[in-house]
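Colleague: Could you look at this predicted model? Sequence included:
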Amino acid sequence: MAEQRYYYGTGRRKTSVARVRVLPGAGGIIINGKPAEEVLSTPTWMAAAQAPLKAVKMLGQVSVVAKIEGGGTAGWSGALSHGIARALLSMDENLRQPLRSGGYLTRDSRAKESKKYGLKRARKAPQYTKR
């Protein structure tokens, strides 16, 4: 089998990490060996994952193969989007401006806040009783 050139990008969101390879050729998006439609079942998650490809008008022109670990489906979608954007940037440096203006190169650092002792959750306190 001939050596196929691919471009690599790592994407992160919440606790999810996506290792993304972008290859020339129309092959869709494969996540952990399954089609993306099967893994990211909600149209919102699918649209978020494909957003960087739509921003640079390469939706049907490249194949994406990703391995994603940790977190849930919403985190997977964001991590995949971030990874695709980074891989596209390594493929062609001229794509930086549209990817940056769409916000796809910025890592979304929002994560779950840790629980505090004496509280029910991170900030929710037990009900106050006066008497």
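Modeller: Arrived safely, thanks for sending. These numbers were taken from a predicted model, which means no experiment stands behind them.

Colleague: what lines up beside the host helix or strand of G9 in the sheet?
Modeller: Taking DSSP states H and E as the criterion, G9 maps to strand 7-13. Counting by DSSP bridges, the strands paired with strand 7-13 are strand 16-24 (antiparallel).

Colleague: quick one: contacts of the very next helix or strand once past the strand it pairs with?
Modeller: Moving toward the C-terminus from strand 16-24, the first helix or strand encountered (DSSP H and E) is strand 29-31. Counting contacts by CB atoms under 8 Å, 6 or more residues apart in numbering, the residues outside strand 29-31 that touch it are 35-36, 39-40, 49-50, 63-68, 76, 80. Glycine gets a C-beta too; all of them are placed from N, C-alpha and C.

Colleague: May I see the residues you listed arranged in CSV, with neighbour count, secondary structure and pLDDT as well?
Modeller: Shown next, in CSV, are the contacts of strand 29-31 (neighbours: other CB atoms under 10 Å; DSSP: H, G, I helix; E, B strand; the rest coil; pLDDT from 0 to 100):
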residue, neighbour count, secondary structure, pLDDT
P35, 11, strand, 94
A36, 20, helix, 93
V39, 21, helix, 94
L40, 24, coil, 93
A49, 27, helix, 94
Q50, 19, helix, 94
S63, 16, strand, 93
V64, 26, strand, 95
V65, 17, strand, 95
A66, 24, strand, 96
K67, 14, strand, 97
I68, 23, strand, 97
W76, 28, helix, 96
L80, 31, helix, 97
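
Colleague: Looking at those residues, which one is closest to K130?
Modeller: Out of the contacts of strand 29-31, the one with the shortest distance to K130 is W76. That distance is 46.2 Å, counting by CB to CB.

Colleague: Same list (the contacts of strand 29-31) but as TSV, adding distance to S101.
Modeller: Converted to TSV, the contacts of strand 29-31 look like this (distance: CB to CB, whole Å):
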residue	distance to S101
P35	30
A36	25
V39	28
L40	24
A49	19
Q50	17
S63	25
V64	21
V65	27
A66	24
K67	28
I68	26
W76	24
L80	20
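
Colleague: what's the closest of those residues to A87?
Modeller: Sorting the contacts of strand 29-31 by distance to A87 puts V64 at the head of the list, at 7.8 Å, by CB to CB.
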